[in-house]
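S.K.: Sharing a sequence plus its predicted fold:
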Amino acid sequence: MRKPKIKMLITKEDKGYSANVFIQNKFIATEGESFDELQENILEAVNLAFEDKGHKYSVDEVKFEYDLGSFFDFYKVINAKALSERIGMNQSLLAQYIKGIKKPSAAQTKRILQGVQQIGRELSEVRFLL
């Protein structure tokens with residue numbers, strides 16, 4: 001039997017982060033105070049859940065889906081102000097989405113995601129002079 005693909009849902013909590021997934025009639029959930037601790041706990045929980053099937057996962061085999069708060073916490077290198085300017089969104093509104101004060105619509109979430117992905121594509125094409 002092939003290993004199932006796992007996509008953990010990551011959410012920023014008041015203190016730390018939580019992660020969960022429902023897969024093959026198994027609910028897997030854990031939490032951590034930091035992203036590193038969360039990753040360790042995710043691997044432990046996932047490997048325990050699939051121990052009976054003989055599956056062993058590495059961190060590279062588990063995909064993550066973030067809420068905006070956890071994404072901007074994990075990737076501090078992405079400046080929310082600069083992103084808001086780049087995608088033409090009010091900085092205050094984006095900050096409210098990130099803090100969880102307001103919930104973005106599907107269209108707004110897509111707009112933010114497209115901006116982040118565009119930055120990722122541009123960064124992957126960067127070359128330095130040697």
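M.R.: Perfect, thanks for sending it.
S.K.: Past the helix or strand of the chain with the lowest mean pLDDT, which element shows up next along the chain?
M.R.: When the helices and strands of the chain are scored by mean pLDDT, DSSP states H and E, helix 68-74 comes last with a mean of 93. The helix or strand immediately downstream of helix 68-74 is helix 80-87, counting by DSSP states H and E.
S.K.: and that next one, what does it pack onto?
M.R.: helix 91-99, helix 106-124 (3 or more CB pairs under 8 Å, 6 or more residues apart in numbering; DSSP states H and E). Every residue, glycine included, has its C-beta placed from N, CA and C.
S.K.: could you check the angle helix 91-99 makes with that helix?
M.R.: 120 degrees (axes from the mean of the first three to the mean of the last three CA atoms, to 10 degrees).
S.K.: what's in contact with helix 80-87?
M.R.: Applying CB atoms under 8 Å, 6 or more residues apart in numbering, the external contacts of helix 80-87 come out as 72, 89-91, 93-95, 98, 111-112, 114-116, 118-119.
S.K.: same thing but 6 Å
M.R.: Outside helix 80-87, the residues that touch it by CB atoms under 6 Å, 6 or more residues apart in numbering are 72, 91, 94, 111, 115.
S.K.: Would you mind extracting the C-alpha trace of stretch 31-51 into CSV?
M.R.: Once non-C-alpha atoms are left out, stretch 31-51 reads as follows in CSV (Å, rounded to 0.1, in the frame of the first residue of the first chain):
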residue,chain,number,x,y,z
GLU,A,31,0.6,21.6,18.7
GLY,A,32,3.8,23.4,19.4
GLU,A,33,5.1,26.7,20.8
SER,A,34,7.5,27.3,17.8
PHE,A,35,7.5,26.1,14.2
ASP,A,36,10.4,23.8,14.9
GLU,A,37,8.6,22.2,17.8
LEU,A,38,5.4,21.9,15.7
GLN,A,39,7.3,20.2,12.9
GLU,A,40,8.8,17.7,15.4
ASN,A,41,5.4,17.0,16.9
ILE,A,42,3.8,16.6,13.5
LEU,A,43,6.3,14.0,12.5
GLU,A,44,5.9,12.1,15.7
ALA,A,45,2.1,12.2,15.4
VAL,A,46,2.0,11.2,11.7
ASN,A,47,4.5,8.4,12.2
LEU,A,48,2.6,7.1,15.2
ALA,A,49,-0.7,7.2,13.3
PHE,A,50,0.7,5.1,10.4
GLU,A,51,3.0,2.9,12.4
